[in-house]
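Student: okay, structure incoming, though there's no sequence with it:
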């Protein structure tokens with residue numbers, strides 16, 4: 001399986017380390033050049049955007065990559081793996097096993113989060129009750145690793161980066177949370 005990873009041109013050390021890691025785990029690494037604050041597209045909004053330019057560049061990078069994935073030929077239900085370049089997958093991770101246990105109607109499967117309190121909660125659900133997947137909640141921070149169906153990739157790119165021209169944040173109702181995980185995970189079945 002391909003492992004698409006978002007990487008700044010200036011982060012060669014991360015790029016090389018992740019390439020080695022992904023190859024060793026049996027993935028085909030595919031680098032995607034990250035957007036920087038200097039090459040942000042115009043932003044359409046109906047509320048003030050309170051994010052830092054680097055957050056908007058990260059969001060734009062995810063959306064541009066999703067546009068590419070959504071445009072690839074093939075089954076719209078095919079899954080693509082997306083990583084940020086500071087993410088390492090658990091050694092021996094078997095995505096085929098995860099996918100076989102996923103709910104049939106998923107559009108994105110978040111593969112980790114940055115909120116320690118909720119990481120422990122989810123781990124307890126898995127260990128005590130064998131619940132592997134739960135519906136995404138706003139405090140499940142982290143867009144560093146996820147699986148996305150090609151159809152959902154296309155839907156998100158068309159909604160927030162139509163034709164790649166402008167970052168469209170109108171109607172998001174989260175002027176201070178226009179970061180990748182909130183816009184991606186809150187707008188499809190995650």
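Tutor: Arrived safely, thanks for sending. Note that this is a predicted model, so its numbers are computed, not measured.

Student: for the helix ranked longest in the chain, what is the distance to the chain centroid?
Tutor: In the chain, taking DSSP state H as the definition, the longest helix is helix 53-71. In terms of C-alpha atoms, centre = their mean, to the nearest Å, the centre of helix 53-71 is set 9 Å apart from its chain centre.

Student: what angle do the next helix or strand after that helix and helix 53-71 make?
Tutor: Downstream of helix 53-71, the next assigned helix or strand under DSSP states H and E is strand 79-84. Per axes from the mean of the first three to the mean of the last three C-alpha atoms, to 10 degrees, the angle that strand 79-84 makes with helix 53-71 is 160 degrees.

Student: after strand 79-84 comes which helix or strand?
Tutor: helix 95-100.

Student: what helices and strands are in contact with that following helix?
Tutor: When contacts are defined as 3 or more C-beta pairs under 8 Å, 6 or more residues apart in numbering; DSSP states H and E, helix 95-100 packs onto strand 79-84, strand 145-149. C-beta: built from backbone N, CA, C; applies to glycine.

Student: and those strands as TSV, adding distance to residue 58, mean pLDDT and mean neighbour count?
Tutor: Below are those laid out as TSV (distance: least, C-beta to C-beta, whole Å; pLDDT from 0 to 100; neighbours: other C-beta atoms under 10 Å):
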stretch	distance to residue 58	mean pLDDT	mean neighbour count
strand 79-84	8	97	23
strand 145-149	14	97	23
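
Student: now render the ones you listed as JSON lines, adding distance to residue 121.
Tutor: JSON lines is the format used below for these (distance: least, C-beta to C-beta, whole Å):
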{"stretch": "strand 79-84", "distance to residue 121": "23"}
{"stretch": "strand 145-149", "distance to residue 121": "19"}
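
Student: for residue 34, which of those is the nearest?
Tutor: strand 79-84 (8.6 Å; C-beta to C-beta).

Student: so what strands line up beside the closest one?
Tutor: Note on strand 79-84: by DSSP bridges, its sheet partners are strand 2-7 (parallel), strand 145-149 (antiparallel).

Student: can I get these in a markdown table including distance to residue 156?
Tutor: Output for the strands paired with strand 79-84, formatted as a markdown table (distance: least, C-beta to C-beta, whole Å):
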| stretch | distance to residue 156 |
| --- | --- |
| strand 2-7 | 14 |
| strand 145-149 | 8 |
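
Student: ok, now which ones touch the most centrally placed residue in the chain?
Tutor: Taking C-alpha atoms, centre = their mean as the criterion, residue 143 is the residue nearest the geometric centre of the chain, at 4.4 Å. Residue 143 sits next to 58, 62, 84, 110, 179, 180, 181, 184, 185 when contact means C-beta atoms under 8 Å, 6 or more residues apart in numbering.

Student: which two in those are spaced the farthest apart?
Tutor: 58 and 110 (15.7 Å).

Student: look up how far residue 181 lies from residue 117.
Tutor: Distance, residue 117 to residue 181, by C-beta to C-beta, to the nearest Å: 16 Å.
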